[in-house]
Structures are given as C-alpha cells and as structure tokens.
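**Q** below are the sequence and a predicted model for it; my questions follow.
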Amino acid sequence: KGEVVHDGTNSDTEISGKDYRRFLFSLPQKMACDSTEWTWTQQLKKGGPFTVRTAFNISVLMNGSNKPNTMPKDSYSSKFFATRDIKKDEEI
C-alpha cells in the first residue's frame, strides 16, 4: 500500500483537441474506440487549463474498476499509487 505503481509523468502525452480528432479519424473504427479508453482531460495544476492527455504506454493495460487498487494522490498527479496491498498476479 502506498507504493508507486505507475509514473506517467514523462510518458503520458499531451495532445491538442484538433490533433487528437485528426489522430482518431485516421484509425480503423475499433482501434479508435480503444484509443478513447486511454484518453482523458486533466488539469496539471490547480486553476490551470484542462489538457487532453493520452497514454500510449503500459498504463493502458491497467484495469478499470469501481473499487480500484491504484489511484493518483490527487487529481493533478500522473503517478498512480497502490491503495491497498496488491496480491501477486492480481490485476492492476
């Protein structure tokens, strides 16, 4: 619990809305749908602008859940920490 599980600080990508739309429309439909699962908007600092962020790294394999075992410390962070002890072979 409390250990960094994923640090997207230097790997999550900021992309403009216009460029992201161009990128999505260049993909086959199924791949475009998958790509939307890896994209979000986020403020990087309090009061800062929202930016479009996307993850083209191992974090796309992190499992979504209504009881996640990893979370960022706050809404401005790109680092995900374990919220509890994670068992060997348990999905993240």
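**A** Arrived safely, thanks for sending. Residues are numbered from 1 along each chain as shown.
**Q** what average pLDDT does stretch 70-88 get?
**A** The average pLDDT within stretch 70-88 is 85.
**Q** chain center to that stretch: distance?
**A** Relative to the mean C-alpha coordinate of its chain, stretch 70-88 is positioned 12 Å out (C-alpha atoms, centre = their mean, to the nearest Å).
**Q** all helices for this structure, in order.
**A** For the chain, applying DSSP state H gives helices covering 17-25, 29-37.
**Q** for those helices, please prepare a markdown table with the additional fields distance to I92 and mean pLDDT.
**A** Every residue, glycine included, has its C-beta placed from N, CA and C. Formatted as a markdown table, the helices of the chain follow (distance: least, C-beta to C-beta, whole Å; pLDDT from 0 to 100):
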| stretch | distance to I92 | mean pLDDT |
| --- | --- | --- |
| helix 17-25 | 26 | 89 |
| helix 29-37 | 16 | 82 |
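**Q** can you list these in CSV and add distance to Y76 and mean neighbour count?
**A** Formatted as CSV, those follow (distance: least, C-beta to C-beta, whole Å; neighbours: other C-beta atoms under 10 Å):
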stretch, distance to Y76, mean neighbour count
helix 17-25, 20, 12
helix 29-37, 22, 11
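**Q** could I get the ones you listed as a markdown table with distance to K87?
**A** Below are the helices of the chain laid out as a markdown table (distance: least, C-beta to C-beta, whole Å):
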| stretch | distance to K87 |
| --- | --- |
| helix 17-25 | 36 |
| helix 29-37 | 25 |
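**Q** of all those helices, which lies closest to L44?
**A** helix 17-25 (16.0 Å; C-beta to C-beta).
**Q** the helices of the chain: which one's closest to P68?
**A** helix 29-37 (15.0 Å).
**Q** what lies in contact with the closest one?
**A** Here helix 29-37 makes contact (C-beta atoms under 8 Å, 6 or more residues apart in numbering) with F23, L24, F25, L27, T54, V60.
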